[in-house]
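# got a structure for you, letters missing:
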């Protein structure tokens, strides 16, 4: 299964639904991005991601 399907399974799980998920992907297709964003990921970054942006996203998720 792909990342979108995995996030959908996470969101359907009582125990894991609130786990923050950040997508780091090469998929730029607008329909795919829209479908993923409907599942409310903590972030969505296209490769190659800048390390600073990745660090900022992780810090935000961790509350720092």
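Sure thing, it's come through. Worth saying up front: this structure is predicted, and the values here are computed from it rather than measured.
# burial of residue 14, as a residue count?
Residue 14 is flanked by 6 other residues according to other C-beta atoms under 10 Å. In short, each C-beta sits where N, CA and C put it, glycine included.
# go on, residue 23?
Other residues near residue 23 come to 19 when the count uses other C-beta under 10 Å.
# quick one: contacts of stretch 54-64?
Residues outside stretch 54-64 that contact it (C-beta atoms under 8 Å, 6 or more residues apart in numbering) are 20, 22, 24, 42, 43, 45.
# count the neighbours of the third one for me.
Going back to what we said before, that points to residue 24. Residue 24, neighbours per other C-beta under 10 Å, totals 14.
# circling back: of the contacts of stretch 54-64, keep whichever come out buried.
Neighbour counting with 16 or more other C-beta atoms under 10 Å marks 22, 43 as buried within the contacts of stretch 54-64.
# can you give me the helices for this structure?
For the chain, applying DSSP state H gives helices covering 3-12, 30-37, 51-62.
# save the ones you listed as a markdown table, and put in mean neighbour count and mean pLDDT too.
A markdown table is the format used below for those (neighbours: other C-beta atoms under 10 Å; pLDDT from 0 to 100):
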| stretch | mean neighbour count | mean pLDDT |
| --- | --- | --- |
| helix 3-12 | 15 | 96 |
| helix 30-37 | 12 | 96 |
| helix 51-62 | 12 | 95 |
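# that older thread, turn the contacts of stretch 54-64 into CSV, columns for pLDDT.
CSV is the format used below for the contacts of stretch 54-64 (pLDDT from 0 to 100):
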residue, pLDDT
20, 96
22, 97
24, 96
42, 96
43, 95
45, 96
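# mind checking which of the contacts of stretch 54-64 land in strands?
Mapping the contacts of stretch 54-64 onto strands (DSSP state E) picks out 22, 24, 43, 45.
# before I go, just wanted to say thanks for your time.
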